[in-house]
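Trainee: Show me the folded form of this:
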Amino acid sequence: MRSLGKQSPDRAQCCGRLQAVACCTVHSSAGVAASNTGCHTGQMESRHEAVIHSLYAASLDAGAWPVALTRVADALGAVDTTLEVHSGPARAPDFFACGNRLPNRGVEAYLSHYAAICPRIPMIESQAVGSVGVDYDFISESGMNHDAFYSEFLAPDDLRYFMSASLAKGPGKRLAFAAVHRSPTQGHATPQDTRRLRALLPHLQQSLDTHLRLRAAAAHEDSLLAAFEHVGDAVVLLDKLGRPVHVSHRASTLFGEEDGLSLAQDGLAIADGAARSQYQRLLASTVAEPAGIAPGGDVAVPRTTERLPYIVRVRRLPPTGAMRNELPAPVAVVMLLISDPSGSTLADTSRIADVFDLTVREAEVVAALAAGDSLREHAHQRGVRISTARFHLYRAMAKMGVRRQSDVIRLVASLG
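Mentor: Modelled structure (predicted):
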């Protein structure tokens, strides 16, 4: 009689084999699942890294924003992403960038009209910097259906929902944020979507901040260089080796005359040997000493023609900061101011009239004196009596607040 508590050897072996097969099957399934999970996680991490890389690339190149912001949207399962900076409510953004999927027509409509009435911006203004918001934080589905921004602007482009990331705030309600746009099919953002956006938020902040700082620095530099065009002298900026970094339009014109003075890639070229040696010594001493210690100096440069020599003033510029020796671009350390005593830098008649509120006849006599003509010569050229020319001059001097003709000439010369 078989005991119910024991199995025959054959049956025991059979059961053992079945258990082994079952165990292998379970472990094999678990291994496949773990492998799939690991692969999915790796893909997510790779996508996350690609988004971050794109954002920092865009911080240095404005043309890379569309790709970067499209990748942000893809990582969050959305249609597209916009990056905006506003200086106050009911205004178009000061800075705007978007991905590749928003239609141009919609972008133009937003910038020209709908940004000023966007109901999302007041909600974003109330967000803390570094936080994420969604539509349901301030509006219901019914509210969306009755709001012009949602029904008239978003709906035709198959857009409905969004997530916002508050990136920065500043004086005067200055506000920077990212908006991730979703279609009705994609639906309202899920908690997982908002978590993913929070993970990207610090990188959005840093890349935008870097981009805006670089853009502001470039605009500041452009303004300073443009200001040189209003200086009466020709202006050249040199690096520490004496090579040109910037040349004003007036300087380019002067060098084009090749009258004893020109500009090469390696620096200023002076035909006269003595003046060239004097300039080279002055440049070397100016570069060698810190700004404020080396005042620079002036060099008279003879010309190949019989005209008066150029006056080249060499001046040390202040240092640009701790990174000045690490920048890949050449840094200006010396400024040359080149004046041409033979050149005409006098203001024209219309400008003289505008500046001093003179009549045309008054401005003409003032311009003539500044150009070196006598009052009698001017009267003869205009076919008027000397007394008439003198009357116009006296009225002009009264308006200019001077009593001597020499003061008139100096005032006009100061206009450049």
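Trainee: Give me the phi and psi for the residue nearest the centre of the chain.
Mentor: By CA atoms, centre = their mean, the chain has its centre lying nearest to residue 215, at 1.7 Å. Dihedral pair for residue 215: phi -70, psi -40, per degrees, to the nearest 10.
Trainee: give the contact list for it.
Mentor: Shown in contact with residue 215 (CB atoms under 8 Å, 6 or more residues apart in numbering): residue 62. C-betas here are computed from N, CA, C, even on glycine.
Trainee: For residue 108, see how far away it is.
Mentor: 22 Å (CB to CB, to the nearest Å).
Trainee: ok, now residue 220?
Mentor: Distance from residue 220 to residue 108, counting by CB to CB: 29 Å.
Trainee: ok, now residue 240?
Mentor: 47 Å.
Trainee: Whichever strand or helix holds residue 108: what's the following helix or strand?
Mentor: For residue 108, the host element (DSSP states H and E) is helix 104-112. Counting by DSSP H and E, the next helix or strand C-terminal to helix 104-112 is helix 120-126.
Trainee: ok, and what's touching that following helix?
Mentor: Under CB under 8 Å, 6+ apart, the answer for helix 120-126 is 86, 89, 115, 133, 135, 137-138, 149, 162, 164, 166, 173, 175, 177, 179.
Trainee: of all these, which comes closest to residue 155?
Mentor: residue 149 (9.8 Å; CB to CB).
Trainee: does that closest one really touch residue 116, like I thought?
Mentor: No. Residue 149 is beyond contact range of residue 116, at 10.3 Å (criterion: CB atoms under 8 Å).
Trainee: now residue 141: how far from residue 184?
Mentor: Residue 141 is 11 Å from residue 184, by CB to CB.
Trainee: Give the intersection of the neighbour lists for those two.
Mentor: Counting by CB under 8 Å, 6+ apart, nothing touches both residue 141 and residue 184.
Trainee: tell me the domain boundaries of the protein?
Mentor: 60-223, 231-320+327-339, 349-415 (automatic domain parsing).
Trainee: can you put the ones you listed in CSV and add distance to residue 47 and mean pLDDT?
Mentor: Formatted as CSV, the domains of the chain follow (distance: least, CB to CB, whole Å; pLDDT from 0 to 100):
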stretch, distance to residue 47, mean pLDDT
domain 60-223, 6, 94
domain 231-320+327-339, 31, 88
domain 349-415, 61, 91
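Trainee: More neighbours: which of residue 240 and residue 108?
Mentor: A direct count of neighbours by other CB atoms under 10 Å for residue 240 and residue 108 places residue 240 higher, at 15 against 10.
Trainee: The more buried one and residue 286: what is the separation?
Mentor: Distance from residue 240 to residue 286, by CB to CB: 10 Å.
Trainee: Format the domains of the chain as CSV; extra columns: distance to residue 53.
Mentor: Formatted as CSV, the domains of the chain follow (distance: least, CB to CB, whole Å):
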stretch, distance to residue 53
domain 60-223, 9
domain 231-320+327-339, 21
domain 349-415, 54
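Trainee: tell me what whichever strand or helix holds residue 337 is packed against?
Mentor: Residue 337 belongs to strand 334-339 when assigned by DSSP H and E. Contact here means 3 or more CB pairs under 8 Å, 6 or more residues apart in numbering; DSSP states H and E; on that basis strand 334-339 packs against strand 234-238, helix 273-288, strand 310-316.
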